[in-house]
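Q: Quick one, what's the 3D model for this:
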Amino acid sequence: MTSDPFPSRRATSSHPDWLAVLRRYFAFSLAGHLLWEIAHIPLYTIWTDGSAGEIAFAVVHCTGGDLMIAFSALLLALFGFGDADWPRRTSSPVLLAAVLMGVGYTIFSEWLNISVREAWAYRDIMPVIPVIDAGLTPFLQWFVVPVAAYWAATSQSPFRRIARA
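A: Presented below is the predicted three-dimensional model:
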């Protein structure tokens, strides 16, 4: 009988496989951000000014950007606050840091692309946060989607069982 020379690398029910967790996080982030982009694109002027193709491209483009932001924020949070036992331990500091980085980047990006570059614009129906002049839905997106994706990827939720199937 041989023993595993790397017992810390084995995934157990009490020690999830970090790579599997990252894969699930990616899948749930993709689904969440895609649905969010579809739901809130009517709050941007492209909804009334753009063609169907332009709107579809914007949804795909923005979802891709969301995935890059989500993974960059998570990896930076892991570098700063994770440890060898992640995600079993140090889960809360990693999630909090990732969410704060996502929210911070979103506030900056909304300001840059609306006020400075004028690359996109809100319609009058977009609720805007007064002090920071950022749209409410992109701001909320970076609280809701990362937390839901992280919970689904790291917990014993029914969604986790679906992702493994």
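
Q: Heading C-terminal from the helix or strand containing V21, find the next helix or strand.
A: Assigned by DSSP states H and E, V21 falls within helix 18-40. Next in sequence after helix 18-40, counting helices and strands by DSSP H and E, comes helix 46-49.

Q: Return the set of buried residues in that next one.
A: Residues I46 are the ones in helix 46-49 that count as buried (16 or more other C-beta atoms under 10 Å). Where C-beta positions appear, they are placed from N, C-alpha and C, glycine not excepted.

Q: tell me which strands and helices it is in contact with?
A: Applying 3 or more C-beta pairs under 8 Å, 6 or more residues apart in numbering; DSSP states H and E, we find helix 46-49 packed against helix 52-81.

Q: Show me what the helix it packs on is packed against.
A: In terms of contacts (3+ C-beta pairs under 8 Å, 6+ apart), helix 52-81 is packed against helix 18-40, helix 46-49, helix 91-111, helix 136-154.

Q: Enumerate the positions of it that are buried.
A: Applying 16+ other C-beta under 10 Å to helix 52-81 flags 55, 58-59, 62-63, 66, 69-70, 73-74, 77-78, 81 as buried.

Q: Format those as a markdown table; extra columns: distance to G104.
A: Formatted as a markdown table, these follow (distance: C-beta to C-beta, whole Å):
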| residue | distance to G104 |
| --- | --- |
| I55 | 28 |
| A58 | 23 |
| V59 | 23 |
| C62 | 18 |
| T63 | 20 |
| D66 | 15 |
| I69 | 10 |
| A70 | 13 |
| A73 | 9 |
| L74 | 14 |
| A77 | 12 |
| L78 | 17 |
| F81 | 16 |
